[in-house]
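1. Just need the structure, nothing else, for what follows:
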Amino acid sequence: MFNEKDLEQIRRHGLTVEQVEQQIENFRRGFPSLGVVAAASPEDGITILSKEECERAAAAYDARVGELSVVKFVPASGAATRMFKELFEFVKEDKRGKGIDTLLDNIERFAFYPELKQVVSDFSDEKAVVSAIVEKGLEYGAKPKGLVTFHAYDDGARKPVEEHLVEAALYGSANGVARLHFTVSPEHEAAFRELLSEKVATYEQKFGVRYDISFSQQRPSTDTIAVNPDNTPFRTDSGELLFRPAGHGALLSNLNDIDADVIFVKNIDNVTTDALRADTVLYKKALAGLLLEVQEQTFSHLRALRAGEADLTAVAEFVEKRLCVKLPEGADAALLEHLLDRPIRICGMVRNEGEPGGGPFWVANSDGTQTLQIAESSQISADDMALMKGATHFNPVDLVCGVKRADGSKFDLLRYTDPATGFISSKSSGGRDLRAQELPGLWNGAMADWSTIFVDVPISTFSPVKVVQDLLRPQHS
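-> Coordinates of the predicted model:
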């Protein structure tokens, strides 16, 4: 199947022939649907915090943050292609829908309008205006979302990267240091660094913190081979194999390199303005406080279990009620120890208001347990799709992660995934159809064997920007 040139290309990617052959076998066999049992709900699997409980959990985090290492992990790779898709269609193909009308009718309301005025002299030429946004001018069509101007303030506009600096100062700083880690594409890292070099001092002075900012890139060894529709290796016009980035699940290796007691995970485009940020800060702290509480109790039960001093009934009750695991009858000490000795994530879940995204579900496992998982529609069989449509909540990617063991060492996160939860999609390259494979999603199958607790959070904490017109929403005005 592979010639010497292929083998060298595979080695350069940091992959083995066996790994590539397994990827091709995945195409042939397909991935099984997730064994969803029911959607998690406030009555079954989603924790509802009262105002008092929320404030108490946030205060508990504040009381302990000085003794912790904290990192804010922000996936920020890739160009904002989808965000400006309709604009490109207007410029390139003369397709004009309602989105273009909305954009042009409200052009002065966008925070990037002052920048646009510097590169556009005639706003009556609508195509020239739109072209200046995505092409020569602002060049947003070739930039990542993190470097697009989102919000206007009296003292100047801000890009999402800057809003994450603000958030890190308000809930992610410990002992005066706010640590952030951005995963970026190689071609964009220099631009991120340039912006931060200009802005960091301003925010350090504003919030009285020092920023510790690091970057990483998606590793070539996480790429997956593309295949033709008949599942044979896809080759480019030059005869080379084609490897593609394998989705956000490829970032598990990047997350695994982070050494911290508490890791906040939040997408680059999910930011709001100072005026509306209070709920975000409160609930982020509350989720972290809940993580610390559950983690401490987990460690206590685990130590007792290993010392032979545990009341198995009490441990099983904790696993079911606090770690949200439905146990099979007769669960033994070995199963309980496994369920206690794994990474923990507290996941904010937002009430379903029609936004796209995965949802919280109960999933049946081979060991007889049922656990909470975040599932995408692509993972659910047609027979179970009604469960997703009836879900009360969806996933806004709002995670607080505990990746340390009871002895203080770090979990190897690569051991707590479900390799069978990848998925296959249809793409094209050079006008030719191909099949692409994504690794288990970072907050989906990549965290399948974590302890998972879902917590209801208000919609005010969720303000993503999927298309440019979203910047006209109140959360961004």
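2. residue contacts, the residue nearest to Leu7 when sequence neighbours are not counted?
-> In this structure, Leu7 finds its nearest non-sequential neighbour in Val17, 6.7 Å apart by C-beta to C-beta, 6 or more residues apart in numbering. Where you see a C-beta, it was placed from the backbone N, CA and C, and this is true even at glycine. Residues near Val17 by C-beta atoms under 8 Å, 6 or more residues apart in numbering: 2, 7, 10.
3. what's the distance between the second one and Glu18?
-> In this structure, Leu7 and Glu18 are separated by 12 Å, where distance is defined by C-beta to C-beta, to the nearest Å.
4. Who has more neighbours out of these two?
-> Neighbours of Leu7 and Glu18, each counted by other C-beta atoms under 10 Å, are more numerous for Leu7; the result is 13 against 8.
5. in which helix or strand would I find the more buried one?
-> Taking DSSP states H and E as the criterion, Leu7 maps to helix 4-12.
6. Tell me which residues of the next helix or strand along the chain from that helix come out buried.
-> The first helix or strand that comes after helix 4-12 along the chain, using DSSP H and E, is helix 17-29. Residues of helix 17-29 classed as buried: 20, 23-24, 26-27 (neighbour count, 16 or more other C-beta atoms under 10 Å).
7. Which helix or strand lies directly C-terminal to helix 17-29?
-> strand 36-39.
8. What helices and strands are in contact with that following strand?
-> Counting contacts by 3 or more C-beta pairs under 8 Å, 6 or more residues apart in numbering; DSSP states H and E, strand 36-39 packs against strand 359-364, strand 370-375, helix 385-389.
9. helices or strands up against the last one?
-> In this structure, helix 385-389 packs against strand 36-39, strand 359-364, with contacts taken as 3+ C-beta pairs under 8 Å, 6+ apart.
10. picking that back up, just put the buried residues of helix 17-29 in TSV and tack on pLDDT.
-> Supplementary listing: the buried residues of helix 17-29 in TSV, determined by pLDDT from 0 to 100:
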residue	pLDDT
Val20	95
Gln23	94
Ile24	95
Asn26	93
Phe27	94
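11. Among those, which one sits closest to Ala111?
-> Gln23 (42.1 Å; C-beta to C-beta).
12. can you tell me which residues contact that closest one?
-> With C-beta under 8 Å, 6+ apart, Gln23 has these contacts: 224-225, 437.
13. Same check on Gly289?
-> With C-beta under 8 Å, 6+ apart, Gly289 has these contacts: 56-62.
14. Tell me the confidence at it?
-> With respect to pLDDT, Gly289 scores 98.
15. With Pro220 instead?
-> Pro220 is assigned 89 on the pLDDT scale.
16. Would you map the strands across the stretch 151-300 of the chain?
-> 173-174, 177-183, 210-216, 224-225, 243-244, 262-266 (DSSP state E, counting those that start in this stretch).
17. mean pLDDT lowest for which of those?
-> Note on the strands of the stretch 151-300 of the chain: strand 243-244 shows the lowest mean pLDDT, a mean of 92.
18. residues making contact with it?
-> By C-beta under 8 Å, 6+ apart, the surrounding residues in contact with strand 243-244 are 9, 13, 220, 223-226, 427, 436-437.
19. repeat that with 7 Å
-> 13, 223-226, 436 (C-beta atoms under 7 Å, 6 or more residues apart in numbering).
20. In CSV, list the residues you listed along with neighbour count and distance to Val166.
-> Shown next, in CSV, are these (neighbours: other C-beta atoms under 10 Å; distance: C-beta to C-beta, whole Å):
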residue, neighbour count, distance to Val166
His13, 19, 38
Asp223, 21, 34
Thr224, 26, 36
Ile225, 25, 41
Ala226, 22, 40
Ala436, 22, 36
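21. mind putting those residues in JSON lines, distance to Lys284 included?
-> Shown next, in JSON lines, are these (distance: C-beta to C-beta, whole Å):
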{"residue": "His13", "distance to Lys284": "37"}
{"residue": "Asp223", "distance to Lys284": "33"}
{"residue": "Thr224", "distance to Lys284": "33"}
{"residue": "Ile225", "distance to Lys284": "39"}
{"residue": "Ala226", "distance to Lys284": "38"}
{"residue": "Ala436", "distance to Lys284": "34"}
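22. Closest to Met385 out of the residues you listed?
-> Ala436 (22.6 Å).
23. helix, strand or coil for that closest one?
-> strand (DSSP: H, G, I helix; E, B strand; the rest coil).
24. thinking it is in contact with Phe423, fair?
-> No - using C-beta atoms under 7 Å as the test, Ala436 is too far from Phe423 to be in contact (9.5 Å).
25. joint contacts of these two?
-> Residues touching both Ala436 and Phe423 by C-beta under 7 Å, 6+ apart: none at all.
26. tell me the pLDDT at the residue lying closest to Thr273 once chain neighbours are set aside?
-> Nearest residue to Thr273, sequence neighbours excluded (C-beta to C-beta, 6+ apart): His151, at 5.2 Å. You'll see His151 listed with a pLDDT of 98.
27. How about the one 10 residues further on?
-> You'll see Val161 listed with a pLDDT of 98.
28. most packed of the helices and strands packed on strand 36-39?
-> strand 370-375 (a mean of 24; mean count of other C-beta atoms under 10 Å).
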